[in-house]
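Engineer: next one to model:
(one chain, ligands or ions: 2)
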Amino acid sequence: MNKDWITFAMPKGRIFEEAADLLRNAGYPLQEDFSAGRKLIVEAPDAGMKFFLAKPMDVPTYVEHGVADIGVAGKDVLLEEQRDVYEVLDLHISACYLAVAGLPEQRKERVAPKIASKYPNIATQYFKAQGEQVEVIRLSGSIELAPLIGLAERIVDIVSTGKTLRENGLVELETIASVTSRLIVNPVSYRMKDKQIDDIVTRLSAVIKEGSSSS
Ligand SMILES: Nc1ncnc2c1ncn2[C@@H]1O[C@H](COP(=O)(O)OP(=O)(O)OP(=O)(O)O)[C@@H](O)[C@H]1O
Ligand SMILES: O=P(O)(O)OC[C@H]1O[C@H](OP(=O)(O)OP(=O)(O)O)[C@H](O)[C@@H]1O
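Structural biologist: Ligands and ions are numbered 1, 2, ... in the order given. Below is the predicted model of the structure:
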């Protein structure tokens, strides 16, 4: 673990810009072309931070293993991955929710209906808690396709505007959990770099509070 720099696992994709803007607003100078190239390690010397640009689903893995001190991950990813990390702050960005969806007229279902999802652990736990026996099929994306072509009766996926469900003739059946992005911290880093990490949490919290009171 690097002693001086804070190593930061940042999710590429839709969370990235919002998370980078939060850090800038909190006073950490990140260059504008931060994610413009294809570099996967980007240094921000003035912020004392080194960023690893990772797949969103992998961020908790980097933080659990301590190669990144901190990271940003969706609550969906944290529920799915169940990694040994501290969840220290709700960043209130990338808001969406996890839901069960399917075709409006559910055909008479088989004994253990098929559920397609990129969140197999969340789906398994949810239906177990409901007392329903299902077969979970893992997919990596375009989950809404599964009920349309007969791979699964229902899906467990993220809903934000509901546009993807609507445009594919699917309806939401049950809500599972609301989702926002969280700041996560490696437990050892939290002890070794407590001052630096507390400073980041304090500064981000102030920006999040300002944002919510002005909206
Ligand atoms: N439609 C959405 N609106 C708002 N937030 C979303 C939406 N879809 C996903 N998210 C949130 O953003 C996070 C990252 O989503 P993104 O689509 O960038 O990654 P991904 O689908 O895991 O990556 P990839 O497409 O590279 O496999 C999710 O874990 C979730 O917390
Ligand atoms: O309710 P909406 O605003 O339509 O957003 C929901 C969609 O966004 C996500 O997909 P993403 O765009 O990440 O693509 P993916 O299917 O490849 O994961 C999610 O998996 C839904 O498909």
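Engineer: every contact and neighbour count from this point should use C-alpha atoms.
Structural biologist: OK.
Engineer: which residues of the protein fall in helices?
Structural biologist: Remark: helices assigned in the chain by DSSP state H are 14-25, 59-64, 75-81, 120-130, 145-148, 163-167, 187-192, 194-214.
Engineer: by mean pLDDT, show me the worst of the ones you listed.
Structural biologist: Of all those, mean pLDDT reaches its minimum on helix 194-214 (a mean of 89).
Engineer: now do it: everything it contacts.
Structural biologist: Helix 194-214 has contacts (Cα atoms under 8 Å, 6 or more residues apart in numbering) with Ile6, Leu22, Leu23, Asn25, Ala26, Gly27, Val88, Leu89, Leu91, His92, Tyr190.
Engineer: out of the helices of the chain, which is closest to ligand 2?
Structural biologist: helix 163-167 (3.7 Å; Cα to the nearest ligand atom).
Engineer: ok, and does the closest one reach over to ligand 1?
Structural biologist: No - applying Cα under 6 Å from any ligand atom, one finds helix 163-167 separated from ligand 1 by no less than 8.6 Å.
Engineer: which positions within that helix qualify as buried?
Structural biologist: By 16 or more other Cα atoms under 10 Å, the buried positions in helix 163-167 come out as Leu165.
Engineer: is any part of that helix close to ligand 2?
Structural biologist: Yes - counting by Cα under 6 Å from any ligand atom, contacts between helix 163-167 and ligand 2 involve Lys163, Thr164.
Engineer: show residues contacting that helix.
Structural biologist: The contact list for helix 163-167 (Cα under 8 Å, 6+ apart) reads Ala101, Glu144, Val159, Val171, Glu172.
Engineer: hang on, the earlier thing: for the contacts of helix 194-214, give me JSON lines that also has neighbour count and distance to Val59.
Structural biologist: As requested, the contacts of helix 194-214 are exported to JSON lines (neighbours: other Cα atoms under 10 Å; distance: Cα to Cα, whole Å):
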{"residue": "Ile6", "neighbour count": "21", "distance to Val59": "15"}
{"residue": "Leu22", "neighbour count": "20", "distance to Val59": "18"}
{"residue": "Leu23", "neighbour count": "18", "distance to Val59": "17"}
{"residue": "Asn25", "neighbour count": "15", "distance to Val59": "22"}
{"residue": "Ala26", "neighbour count": "18", "distance to Val59": "21"}
{"residue": "Gly27", "neighbour count": "14", "distance to Val59": "23"}
{"residue": "Val88", "neighbour count": "13", "distance to Val59": "15"}
{"residue": "Leu89", "neighbour count": "17", "distance to Val59": "15"}
{"residue": "Leu91", "neighbour count": "23", "distance to Val59": "15"}
{"residue": "His92", "neighbour count": "17", "distance to Val59": "18"}
{"residue": "Tyr190", "neighbour count": "16", "distance to Val59": "17"}
